[in-house]
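K.L.:
Sequence below, structure please.
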Amino acid sequence: MNWIKSNILWISLGLYAVFATGIITMFNGTGDSGDSVLHFLFAQSAPNHPELYLNHWAKPVFTLLASPFAQFGFVGMKVFNALTVLLTLFFTYRAAEKWKLNRPVLVIVFIVCAPLLIRHTFSGLTEPLFAMFIAWGVYLVARNKWLLVCIVVSFLPFVRSEGLIVMTAFGLLLLVQKQWKYIPWLLFGHVAYSLVGWFHYKDILWVFTKIPYASARSIYGKGDLLHFVDQLPFVIGVPAVLFLAVGIGRLLHQLFRKQFHTELHTLVLYGFLSYFVAHSLFWYLGIFNSMGLNRVLLGVMPFMAILCLVGFNTLVDLLPNMIVRRVIFTVLTIILLSFPVWDNPSAVHWKRDMNLSGEQKVARKATLYAKSLNSEGRYLYLPPYVSMELNIDHFDTKRRTDINPATIQVATSGDVLIWDNWFSVVDAHVTQKMIEESGAFQKLRTVKGMQEDRQVIYIVYQAK
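P.N.:
Next comes the predicted model:
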């Protein structure tokens with residue numbers, strides 16, 4: 001028992017490695033058919049198109065680190081994100097341990113058992129790497145490595161744009177800790193990428209001017225102010241939401257009583273709340289192209305896990321008897337571990353969530369037909385997954401181009417156009433009517449299917 005206790009971190013990491021290997025081996029899903037696949041395509045093609053390493057949407061740090069793994073196909077991308085989660089577990093545990101929080105192993109449980117993280121780890125999404133960078137920064141804070149903290153955190157905006165928000169939490173901590181001399185180092189990532197990208201963009205300020213989300217309006221609309229509150233159970237699970245609420249309440253109560261824990265209050269609590277409130281406002285106001293996606297909360301998973309641990313300890317430590325505490329600790333841990341597989345709205349539905357989606361299955365059928373045409377012309381389409389099925393360089397303009405109102409006007413004979421009723425309509429503003437009224441294309445095949453409660457339509461055309 002003592003051996004297990006002293007090696008619990010390494011045992012936990014080993015178990016997660018086995019779990020991740022099993023998921024990667026057994027399931028063929030991609031996390032989603034949009035951003036996940038497109039990030040993979042950027043990372044895969046970057047060696048052939050070096051400018052992709054500086055694409056602001058794709059996120060330069062993510063593309064740089066993921067690119068070697070993406071050369072092995074989408075499986076490589078899954079391995080990359082699984083490794084980032086593994087590092088997140090290590091860093092978050094070590095920080096909790098360094099801050100002498102009871103039962104630090106539970107931060108691993110809270111992270112690993114977050115249902116949405118299970119779904120999106122095995123993808124090309126950027127949230128797992130973002131969480132790893134935050135956990136790395138938190139770990140370095142716990143070790144008082146202030147220069148390294150600043151350098152690591154300075155690259156957060158190049159993993160996800162919200163890194164600018166999280167950087168304020170680290171900056172506030174530096175102020176409170178009177179580590180003023182290190183604050184300028186928070187600009188290191190911006191300075192480094194500004195200089196590197198200057199040669200490509202001919203603009204020293206490209207790190208600001210090329211931000212794709214710097215828009216006062218969102219094409220995706222707006223929503224309820226409490227949207228992300230409603231989504232929390234689907235992100236981390238109902239039991240974890242309870243502990244998160246208690247943890248936040250506990251730290252706020254301590255703050256009002258002037259029982260100040262510098263790192264927990266300034267970094268963890270403020271870091272989570274500022275991020276959560278910001279995204280809630282983005283969606284409510286319909287700004288910065290927010291889609292209200294609940295997966296953005298996975299980016300601050302280290303903060304949430306530590307807050308959940310504070311809440312868990314608060315409740316369990318209220319019990320007066322040590323034996324009762326151990327029993328309750330065991331029961332609650334079992335509940336947390338099993339919750340993702342219970343039959344509940346938040347649970348992971350393995351066949352549905354971890355395999356190709358209904359939309360991707362329709363795309364596959366349409367793409368297989370398009371390939372059978374053996375056309376020497378270009379392919380015109382927008383859904384990123386089509387490039388995976390065609391097995392072509394997504395950024396080779398001689399082989400493919402995005403579908404949009406302009407490209408359908410200049411298509412040449414033999415070009416194959418693959419239209420769908422989501423990406424092509426929402427992102428490219430190209431309707432089926434627009435294509436057919438142009439008179440330039442012959443309609444060859446229609447494939448239909450369902451993506452949950454939405455009908456998916458793919459139509460293959462060929463330019464006359």
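K.L.:
contacts, neighbours, all on C-alpha from now
P.N.:
OK.
K.L.:
Tell me which stretches of the stretch 1-150 of the chain form helices.
P.N.:
Along the stretch 1-150 of the chain, the segments classed as helices by DSSP state H, counting those that start in this stretch run 2-6, 8-26, 35-45, 60-70, 74-98, 105-112, 115-121, 127-142, 146-154.
K.L.:
nearest to Leu319, of those helices?
P.N.:
Between Leu319 and the helices of the stretch 1-150 of the chain, the tightest spacing by C-alpha to C-alpha is seen for helix 105-112, at 18.1 Å.
K.L.:
Only the C-alpha atoms, please, for that closest one, written as PDB.
P.N.:
The C-alpha trace of helix 105-112 is given here as PDB (Å, rounded to 0.1, in the frame of the first residue of the first chain):
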ATOM      1  CA  VAL A 105      -4.100  12.500  -7.300                       C
ATOM      2  CA  LEU A 106      -7.700  13.600  -7.700                       C
ATOM      3  CA  VAL A 107      -6.700  16.400 -10.200                       C
ATOM      4  CA  ILE A 108      -5.800  13.500 -12.500                       C
ATOM      5  CA  VAL A 109      -9.200  11.900 -11.900                       C
ATOM      6  CA  PHE A 110     -11.000  15.200 -12.600                       C
ATOM      7  CA  ILE A 111      -9.100  15.700 -15.900                       C
ATOM      8  CA  VAL A 112      -9.200  12.200 -17.200                       C
END
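K.L.:
Which strands or helices does it pack on?
P.N.:
In this structure, helix 105-112 packs against helix 8-26, helix 74-98, helix 301-316, helix 322-338, with contacts taken as 3 or more C-alpha pairs under 8 Å, 6 or more residues apart in numbering; DSSP states H and E.
K.L.:
what sits up against that helix?
P.N.:
Outside helix 105-112, the residues within contact range by C-alpha atoms under 8 Å, 6 or more residues apart in numbering are 8-9, 12, 16, 89, 92-93, 96, 117-118, 236, 240, 301-302, 305-306, 308-309, 333, 336-337.
K.L.:
That one vs helix 301-316, what angle?
P.N.:
Between the axis of helix 105-112 and that of helix 301-316 there is an angle of 130 degrees, by axes from the mean of the first three to the mean of the last three C-alpha atoms, to 10 degrees.
K.L.:
Let me see the contact set for the residue nearest the centre of the chain.
P.N.:
Within the chain, the residue whose C-alpha comes closest to the C-alpha centroid is Glu127; the distance, by C-alpha atoms, centre = their mean, is 2.4 Å. Counting by C-alpha under 8 Å, 6+ apart, Glu127 touches Arg160, Arg295, Val296, Leu298, Gly299.
K.L.:
Quick check: it vs Leu89, distance?
P.N.:
Between Glu127 and Leu89 the distance is 14 Å, computed by C-alpha to C-alpha, to the nearest Å.
K.L.:
Likewise for Gln71?
P.N.:
In terms of C-alpha to C-alpha, Gln71 sits 26 Å off from Leu89.
K.L.:
How about Leu242?
P.N.:
Spatial separation of Leu242 from Leu89 under the definition C-alpha to C-alpha is 21 Å.
K.L.:
which residues touch the nearest residue to Pro115 once chain neighbours are set aside?
P.N.:
For Pro115, ignoring the flanking residues on the chain, the nearest one in space by C-alpha to C-alpha, 6 or more residues apart in numbering is Pro340 at 5.4 Å. If you count contacts by C-alpha under 8 Å, 6+ apart, Pro340 has them with Cys113, Ala114, Pro115, Gly237, Ser346, Ala347, Val348.
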